[in-house]
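Undergrad: With the input below, show me the fold.
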Amino acid sequence: MPRLEKTIVLLPVFKPGPHLSELVTALLGEVGQPAEVVIVDDGTGAAADARLAEIEALGGTVLRHPVNRGKGVALKTGFGHIRSRYPGFAVVCADGDGQHSVADIRAVADRCRPGRIVLGVRRFDRMPPRSRFGNTLTQAVFRAATGRTVTDTQTGLRAYPADLLGPLCAVPGERFEYEMNVLLHAAATGHPIDEVPIPATYLEGNAGSHFSGLADSARIYLPLLRYALLSRRAAVN
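TA: Below you'll find the model as predicted:
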């Protein structure tokens, strides 16, 4: 498969830590195929000023929300910017907390093709027990609702081709449910979902995650249940 000439990497962040600077440095310094890096800070405020100024000094683009609006909104802000600034380019979304390496990002980027979503999927046996249980349950519910098997519905490492960025900006969802809605949208519209195995990396017990337990779990499962209900109604009619 031909390699992409350049990758646009989108990193939505909230309260960014030191791993963000390390990742951006590595992405921008990649030999032969440096990435363009777009950061969307989702309302961290003045506490992120120094870190984000460092990112800009390295050559990354920084967009900022004045208040926290959720990961879904941050992703759509990034998609809109990339469509305008880099028309025709695919985008790879990754986490800025150290979970994803340059090698992971490049592996997913290299599989990206028009009309196809690519997921970097983690090995469940390397996940903490709570994450493993949640992902296994969500995988089963997603398969029951859509008839499609997605190994890792919760991965934050995803590649989207340029032709899907416009439709993705219209997918509903403001917080963590947005990424589930994207997969449901792909299932409903018949877009293929490809998978690339990546290591499961959890730094400091996944302390950098901003997933808030029951509230965000409910946001993820409600779209799944709604999709399943609508699909059943359509089958009956």
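
Undergrad: Report the central residue of the chain.
TA: Nearest residue to the geometric centre of the chain (CA atoms, centre = their mean): residue 156, 3.6 Å.

Undergrad: and the closest residue to that residue other than its chain neighbours, how many residues sit next to it?
TA: Leaving aside its sequence neighbours, residue 156 sits nearest to residue 95 (CB to CB, 6 or more residues apart in numbering; 4.3 Å). Just so you know, the C-beta spots here come from the backbone N, C-alpha and C atoms, and that holds for glycine as well. Number of residues near residue 95 (other CB atoms under 10 Å) recorded here: 20.

Undergrad: Look at residue 95 and tell me its secondary structure.
TA: coil (DSSP: H, G, I helix; E, B strand; the rest coil).

Undergrad: can you pull the contacts of the residue nearest to the centre of the chain?
TA: Neighbour list for residue 156: 93-95, 99-100, 179 [criterion: CB atoms under 8 Å, 6 or more residues apart in numbering].

Undergrad: now it: how far from residue 65?
TA: Distance check for residue 156 against residue 65: by CB to CB, to the nearest Å, it reads 18 Å.

Undergrad: for this structure, which spans come out with low pLDDT?
TA: Along the chain, segments meeting pLDDT under 70 span 1-6, 31-32, 34, 124-132, 202-216, 231-237.

Undergrad: all helices for it, in order.
TA: Remark: helices assigned in the chain by DSSP state H are 18-28, 49-58, 71-85, 102-110, 129-146, 162-169, 177-189, 213-236.

Undergrad: ok, the residue nearest to residue 156 to residue 201 distance?
TA: As judged by CB to CB, residue 95 and residue 201 stand 10 Å apart.

Undergrad: for residue 75, same thing?
TA: Distance from residue 75 to residue 201, counting by CB to CB: 21 Å.

Undergrad: and what of residue 37?
TA: Applying CB to CB, the value for residue 37 to residue 201 is 19 Å.

Undergrad: With neighbour numbers in mind, choose between the two.
TA: For residue 37 versus residue 201, neighbours defined as other CB under 10 Å are more numerous around residue 37 (24 against 15).

Undergrad: what's around residue 172, how many residues?
TA: 10.

Undergrad: for residue 161, phi and psi?
TA: phi -70, psi 160 (degrees, to the nearest 10).
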